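Enquirer: make a model of this:
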Amino acid sequence: MQINILAIESSCDDTSAAVIQDGQVLSNCVANQEAHRLYGGVVPEVASRAHQANIIPVVELALKKAGVHKEELSAIAFTKGPGLIGSLMVGVSFGKAMALSLDIPLIEVHHMKAHVMAHFAETPHPDFPFLCLTVSGGHTQIVKITSHLDMAILGQTIDDAAGEAFDKTGKILGLEYPAGPIIDRLAQEGEAKFSFSEPKIPGLDFSFSGLKTAILYFLKKQIKERPDFLQEEMPHICASVQDRIVSILMNKVKMAVDQTGIKTVAIAGGVSANSGLRKALTQTGEELGWQTFIPKFEYCTDNAAMIGVTAYYKYLAGQFSNQAVAPVARWSM
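Expert: Next comes the predicted model:
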């Protein structure tokens, strides 16, 4: 008997639905929200209202593309957290209602664990154990994975995440939101000729708030001396910022490899789409003899396929939720 899982992801500003059959992705549909560009960041109330408008069409499209009828579903999976509570409520409520109407099980999924599990949405995928650098707008972590459902955080940010560092720097530079992809594009046109110091954070933890402040004061000083500094040096500024963020991330990953002896290394999360990080991981892996794994772009950003793949292994383990389940904005791994 086939295991067909409908997965729903609504943790932030993208509404996504996917159908997973026996661990394989049959469809992965995402509805983006462009309205947040007007505000320079995600507005929770705007996001939750857009999820309400998008979720039925996205679910219908996912089922249609997969060629699976709702009566053939074995379970409904959803993101329980972490994320924006209003956005999570839409996905959780829809999933609970649909599961109740079809009399099938519910499966709750941790958003950041799902980012790691995105590697199992495709082949080849890493063997256990492996290390995964999960980097997004809200999280930066080094995670040790010993099985599909067994993960432990070795280090994480103590303040801003890497994605926040990109977006907040972009705001300082006057770039549109989300700034990460714009900085990445401009960085490829410039060179890292400006130096920013690396935070001295013990162990495997990260910090990006000091870097953001250093960039702000650097730009203020340069603009005071050269009013056209931003216009003349934008690609080089972006290249320098990206180079430092990537080096901070990679230096901690190297440390984690040295401490654990695990040389299978993956990246996941929205920032794993960054060309500088992808290139750095590949080059470092070749130099140090690591086996490296980089997800396809469609599995880097928030998507329901990663929720469904995680849910498939929870289904096999009999880890189901009940109708009393509720979303949580903060949820530790």
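Enquirer: just the pLDDT for Q33.
Expert: pLDDT recorded at Q33 is 75.
Enquirer: what of F194?
Expert: 97.
Enquirer: same deal with the one 3 residues further on?
Expert: pLDDT recorded at S197 is 93.
Enquirer: got it, and R226?
Expert: 96.
Enquirer: residue contacts, the residue most central in space within the chain?
Expert: Centrality entry for the chain: nearest residue to the mean C-alpha point is G269, 2.5 Å, by C-alpha atoms, centre = their mean. By C-beta atoms under 8 Å, 6 or more residues apart in numbering, the contact list for G269 reads 112, 115, 134-136, 139, 163, 300. Glycine gets a C-beta too; all of them are placed from N, C-alpha and C.
Enquirer: separation between the nearest residue to it once chain neighbours are set aside and K200?
Expert: In this structure, G269 finds its nearest non-sequential neighbour in S136, 3.8 Å apart by C-beta to C-beta, 6 or more residues apart in numbering. Distance, S136 to K200, using C-beta to C-beta, to the nearest Å: 24 Å.
Enquirer: between these two, which is the more surrounded one?
Expert: Neighbour count, other C-beta atoms under 10 Å: between S136 and K200, S136 has more, with 24 against 7.
Enquirer: does that one touch G163 like I think?
Expert: Yes: in this structure S136 lies within contact range of G163 using C-beta atoms under 8 Å: 5.1 Å.
Enquirer: give me the common contacts of these two.
Expert: 269-271.
Enquirer: ok, which stretches of the stretch 1-150 of the chain are strands?
Expert: Secondary structure of the stretch 1-150 of the chain, counting by DSSP state E, counting those that start in this stretch: strands at 4-9, 15-21, 24-31, 75-81, 106-110, 130-135, 140-147, 150-156.
Enquirer: now the ones you listed in TSV, with distance to M234?
Expert: Below are those laid out as TSV (distance: least, C-beta to C-beta, whole Å):
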stretch	distance to M234
strand 4-9	34
strand 15-21	33
strand 24-31	30
strand 75-81	36
strand 106-110	38
strand 130-135	23
strand 140-147	25
strand 150-156	31
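Enquirer: and of these, who's closest to T213?
Expert: strand 140-147 (17.2 Å; C-beta to C-beta).
Enquirer: just want the angle from that closest one to strand 150-156.
Expert: 160 degrees (axes from the mean of the first three to the mean of the last three C-alpha atoms, to 10 degrees).
Enquirer: buried residues in strand 140-147?
Expert: In terms of neighbour count (16 or more other C-beta atoms under 10 Å), strand 140-147 has its buried residues at 140-145.
Enquirer: nearest to D243 among those residues?
Expert: The closest of these, once distances to D243 are taken by C-beta to C-beta, is T140, at 16.8 Å.
Enquirer: contact partners for the residue nearest to G269?
Expert: Contact criterion C-beta under 8 Å, 6+ apart gives 112, 115, 161-163, 269-271 as the residues in contact with S136.
Enquirer: ok so, going back, possible to save the contacts of G269 as JSON lines with distance to L288?
Expert: JSON lines is the format used below for the contacts of G269 (distance: C-beta to C-beta, whole Å):
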{"residue": "M112", "distance to L288": "26"}
{"residue": "H115", "distance to L288": "24"}
{"residue": "T134", "distance to L288": "20"}
{"residue": "V135", "distance to L288": "20"}
{"residue": "S136", "distance to L288": "25"}
{"residue": "H139", "distance to L288": "25"}
{"residue": "G163", "distance to L288": "26"}
{"residue": "C300", "distance to L288": "23"}
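Enquirer: which members of the residues you listed are classed as buried?
Expert: 112, 115, 134-136, 139, 163, 300.
Enquirer: tell me which of those fall in helices.
Expert: Among the buried ones among the contacts of G269, DSSP state H puts 112, 115, 163 in helices.
Enquirer: T310: which of the residues you listed is nearest?
Expert: Distances from T310 to those, taken by C-beta to C-beta, are shortest for H115, at 9.4 Å.
Enquirer: and that closest one, how close does it get to S147?
Expert: 16 Å.
Enquirer: and if you look at T134?
Expert: Relative to S147, T134 is positioned 17 Å away (C-beta to C-beta).
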